[in-house]
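1. below are the sequence and a predicted model; questions follow.
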Amino acid sequence: MSDPGFLVIYSALAVLIFATLRKAFRDPRLDAIPIVGSSGPLQSYWDGLKFLKNAPALIQAGYDQYPEGIFRVPRLFDWLVVVSGPKFVKEVGGAPENVLSFRGGVEGNLAIKQVIGRAIGENPYHQITIRTSLTRNLHACFPEVRDEIACAFEDVLQLRGSGRNQTYLRNNVQFAVDVVRSGRRIALFPYFLRPLVAPFYSNKDKSFTVAMKILGPVVQERLAKENELGPNWPGKPNDLISWLLEDAEGEERTVPALVLRVLATNFAAIHTSSMGFTHAIFDLTTHPEYLLPMREEAKRVVEKEGWTKAGLNSMVKIDSFLRESQRLNNLGHIVMNRRVVAKDGFRFSDGTFVPRGSFLCVAARPTHYDSSIHENAAEFDGFRFAKERAEHAATRDPSQDIFTRQMISTAPDHLSFGTGKHACPGRFFAATELKAMLAHVVMNYDVAAEVEGVRPPDTCFNMSVTPNATAKVRFRKRADL
């Protein structure tokens with residue numbers, strides 16, 4: 001009975017039986033939602049396996065049939081309800097947390113409780129900190145962000161050492177990688193098996209130990225200062241630890257809890273921004289004709305306004321390039337994952353009913369590639385949104401809001417940051433960071449693809465899309481600087 005091979009076979013059979021029974025005894029009210037794929041328990045289980053590698057095709061097929069409707073696709077253990085069309089997207093985005101749960105959607109797809117910690121999954125108060133304190137302090141903190149970007153490029157491209165704490169940086173990056181990698185694997189298992197398999201996948205305890213050694217004394221000192229001198233003590237740093245302390249309550253005001261919260265916040269910032277920037281660099285090297293116009297814009301703005309947050313707002317072409325890169329290279333085929341948590345389920349305005357416990361989402365990639373929304377939607381047009389902003393500004397039509405074409409703007413037809421109540425709270429920082437990084441690149445380096453004109457293929461698994469992790473890009477310091 002202790003033979004490992006037997007245990008593997010036994011576990012696989014148990015999972016298969018669970019999946020088959022779960023689908024066979026699903027809520028019959030799901031039957032009213034059309035299926036893309038097979039409906040039988042065994043056939044749909046096979047389709048669920050194919051979904052892991054073929055999700056884009058299934059989602060696109062459903063969107064093609066129901067471009068402004070609702071359909072479902074089979075996954076291993078359940079059906080995923082997919083929403084398309086602006087009317088229904090707004091209904092998902094506007095639903096409160098106690099009806100369509102954002103946290104439940106994240107947990108379903110990334111097993112946050114197992115790979116980061118239960119407190120992060122159940123009490124994500126750091127999202128409030130990001131939405132308020134971080135966004136409010138972008139102007140004040142930008143000089144440090146700019147300095148960090150310059151030092152990071154020097155480090156990464158091995159031009160010189162910067163003296164930054166490499167152990168801390170490596171730990172943050174490794175933690176982000178581990179969370180995504182292990183979280184997606186654990187999320188493939190039914191909920192009741194996740195606590196059992198998590199120890200074999202997650203390295204969160206190792207990363208937390210390193211973070212405690214480095215950050216623990218800093219957090220301890222902050223807590224001691226606040227206890228002694230009050231929350232607004234003289235010389236209080238204007239940084240993430242201080243902002244978290246403003247929102248933390250009860251057991252969250254301890255050294256381990258705050259260190260874990262910093263780790264979790266860094267994870268949220270690192271994994272999405274790094275992938276978004278990698279996509280942008282791939283687009284830049286595949287379409288090098290955009291480099292010089294963006295270089296000219298960045299040079300002109302910096303000479304006039306300096307390296308400032310306000311100056312970044314004037315870099316319209318760089319903003320447009322990043323928004324277009326986001327549009328064509330969303331970090332998943334679907335976005336706005338939600339779990340229905342209301343006791344009475346959720347009913348859309350057309351009468352479509354989704355029972356409690358179901359997962360639903362929005363079809364992002366098909367929306368972004370829809371030719372009825374964007375002209376030549378499948379083609380990369382780096383200055384697409386800059387031209388739209390200029391056209392709308394020229395018409396001075398009050399019904400045309402040019403701000404809807406900015407990188408930070410969300411809409412039912414532009415879903416890179418989601419839309420509605422749970423639109424990404426860190427998008428203002430992310431946009432600032434990415435624009436500053438791209439401006440730094442075009443001003444200081446010449447870049448080229450490893451193979452001219454060839455964009456490295458993305459990696460697709462389950463519902464995620466990630467930029468090629470093994471591809472190479474050529475960087476050369478500008479000789480005329």
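-> In hand now; what should we look at?
2. give me the below-cutoff pLDDT ranges for the stretch 51-200 of the chain.
-> Low-confidence segments of the stretch 51-200 of the chain, defined by pLDDT under 70, are located at 159-163.
3. show me the helices in it, by range?
-> For the stretch 51-200 of the chain, the helices defined by DSSP state H, counting those that start in this stretch cover 86-94, 102-110, 112-115, 118-122, 126-129, 135-136, 138-156, 166-186, 194-201.
4. mind putting those into CSV with distance to N330 and mean neighbour count?
-> For every residue, glycine as well, the C-beta is placed using N, CA and C. Listed next are those as CSV, based on distance: least, C-beta to C-beta, whole Å; neighbours: other C-beta atoms under 10 Å:
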stretch, distance to N330, mean neighbour count
helix 86-94, 14, 19
helix 102-110, 15, 20
helix 112-115, 21, 24
helix 118-122, 24, 16
helix 126-129, 21, 20
helix 135-136, 23, 14
helix 138-156, 24, 15
helix 166-186, 16, 18
helix 194-201, 26, 14
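5. nearest to G332, of the ones you listed?
-> With C-beta to C-beta as the measure, helix 102-110 is the member of the helices of the stretch 51-200 of the chain nearest G332 (9.0 Å).
6. just to revisit the earlier point, let's have the helices of the stretch 51-200 of the chain in TSV, adding distance to F71.
-> Formatted as TSV, the helices of the stretch 51-200 of the chain follow (distance: least, C-beta to C-beta, whole Å):
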stretch	distance to F71
helix 86-94	11
helix 102-110	18
helix 112-115	27
helix 118-122	29
helix 126-129	30
helix 135-136	36
helix 138-156	40
helix 166-186	23
helix 194-201	28
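7. and those: which comes nearest L284?
-> Counting by C-beta to C-beta, L284 lies closest to helix 138-156 out of the helices of the stretch 51-200 of the chain; the figure is 14.6 Å.
8. quick check: the gap between the nearest residue to V197 once chain neighbours are set aside and Y201.
-> Leaving aside its sequence neighbours, V197 sits nearest to F189 (C-beta to C-beta, 6 or more residues apart in numbering; 5.5 Å). Look at F189 and Y201: by C-beta to C-beta, to the nearest Å, they are 10 Å apart.
9. before we move on, which element is the residue sitting nearest the centre point of the chain in?
-> Nearest to the geometric centre of the chain sits T272, at 4.3 Å (C-alpha atoms, centre = their mean). Using DSSP states H and E, T272 sits within helix 255-286.
10. average model confidence for that helix?
-> Helix 255-286 carries an average pLDDT of 95.
11. quick one: buried residues of that helix?
-> Across helix 255-286, burial judged by 16 or more other C-beta atoms under 10 Å covers 255, 257-286.
12. same check on stretch 409-421?
-> Across stretch 409-421, burial judged by 16+ other C-beta under 10 Å covers S409, T410, A411, P412, D413, H414, L415, S416, F417, G418, T419, G420.
13. list the contacts of the second one.
-> Neighbouring residues of T410 by C-beta atoms under 8 Å, 6 or more residues apart in numbering: S416, F417, G418, T419, G420, A423, R427.
14. now the residue nearest to the centre of the chain: closest residue in space that isn't a chain neighbour?
-> What sits nearest to T272 in space, not counting adjacent residues and going by C-beta to C-beta, 6+ apart, is L331, at 6.3 Å.
15. could you tell me how many residues sit around the one you found?
-> Close neighbours of L331, defined as other C-beta atoms under 10 Å, add up to 19.
16. which stretches of the stretch 351-481 of the chain form strands?
-> Using DSSP state E, counting those that start in this stretch, the strands found in the stretch 351-481 of the chain span residues 353-354, 359-363, 445-449, 459-461, 464-466, 473-477.
17. point out the most buried one among those.
-> Among these, strand 359-363 has the highest mean neighbour count (mean count of other C-beta atoms under 10 Å), at a mean of 24.
18. in contact with H368, which residues?
-> By C-beta under 8 Å, 6+ apart, the residues touching H368 are R327, L328, N330, H374, A377, D413, H414, L415.
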